[in-house]
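*Asks:* fold the following.
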Amino acid sequence: MKRRLLLLLPLLIFLGLGFFFYRGLAMDPSARDSALLAQEFPAFTLSTLEDPDARVNESLLQGEVTLVNVWAEWCPTCKEEMPQLLTLAEHGVRLIGIDYKDTRAKGQEFLDTFGNPFEVNIFDPNGDLGFDLGVYGVPETFLVDADGIIRYKHTGYITSEDVEKVMREVEKWRS
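*Replies:* Numbers count the residues shown, from 1 in each chain. Here you go, the predicted structure:
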C-alpha cells in the first residue's frame, strides 16, 4: 500500500503542476491592472531621441495630463498604432514617447516614416525606464495626471476603436 502511494506521488505532483500551468496559459496578461496605478511615475533621467545631449526627467510629466506611449521601431504593432496616436495628438492630447530598446537611427527612421505625434521622445536604449514601468511588451500607454501620477494603462496598441475610450480617460483626468 505504501509502495503504491509512493509511485502515485510523482504523478499527482505532475498533474497538479500541469493544472496550474494550463490555467496560467489561459490568463490574459493585458487584462491585469498595472501595479503602478495611483503611483508616481518612476524617477528617471534620460536623453531625448532627437538630441543625445538633452536630458529629461520625470518633471517633464508635471503640470499637464499626458499620455506616455512606449514604442519601438522593431515593433510591428507600433506601426499599426501610429495613425491613432496622430489622431489623439490632433485632438489636443499631449503625448510623450519612450523609444524602448532601440537605436537612435532606427527610432528616428521610424518617426520619419510613420509620423511623430510626440512632444518629446525619451530614449531608453537599455529598457531601464520600461522595466521600472513594468513593460512586458510594446506598445503600452500610460495616462499620467498633472501631478505626475499614473491613472490609466492601456496594454497593446491603441486601435481606432480605442481612441474614444482613451479620449474619455484623458478628459476625465483633465477635469
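
*Asks:* by mean pLDDT, point me to the weakest helix or strand of this protein.
*Replies:* helix 2-25 (a mean of 70; mean pLDDT, DSSP states H and E).

*Asks:* and the helix or strand following that one, what's buried?
*Replies:* Sequence-wise, the next helix or strand downstream of helix 2-25 (DSSP states H and E) is strand 45-47. Buried positions in strand 45-47, judged by neighbour count with 16 or more other C-beta atoms under 10 Å: 46-47. For glycine as for every other residue, the C-beta is placed from the backbone atoms N, C-alpha and C.

*Asks:* again with stretch 138-146
*Replies:* 138-145.

*Asks:* please name the nearest non-neighbouring residue to the residue nearest in space to the middle of the chain.
*Replies:* Centroid check for the chain by C-alpha atoms, centre = their mean gives residue 140 as the closest residue, at 2.4 Å. The shortest distance from residue 140 to any non-neighbouring residue, by C-beta to C-beta, 6 or more residues apart in numbering, is to residue 70 (4.8 Å).

*Asks:* strands paired with the host helix or strand of that neighbour, and their directions?
*Replies:* Assigned by DSSP H and E, residue 70 falls within strand 66-71. The strands beside strand 66-71 in its sheet (DSSP bridges) come out as strand 94-100 (parallel), strand 140-144 (antiparallel).

*Asks:* residues in contact with the first one?
*Replies:* What it means is strand 94-100. With contacts defined as C-beta atoms under 8 Å, 6 or more residues apart in numbering, strand 94-100 is touched by 49, 60-61, 64-73, 85, 88-89, 107, 117-125, 127, 129-130, 135, 138.

*Asks:* need the buried ones from those selected in PyMOL.
*Replies:* Of the contacts of strand 94-100, the buried ones can be selected in PyMOL as follows, counting by 16+ other C-beta under 10 Å:
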select buried, resi 49+60+61+65+66+67+68+69+70+71+72+73+85+88+89+107+117+118+120+121+122+123+124+127+129+130+135+138
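
*Asks:* list the ones among the contacts of strand 94-100 that fall in helices.
*Replies:* 85, 88-89, 107, 129-130 (DSSP state H).
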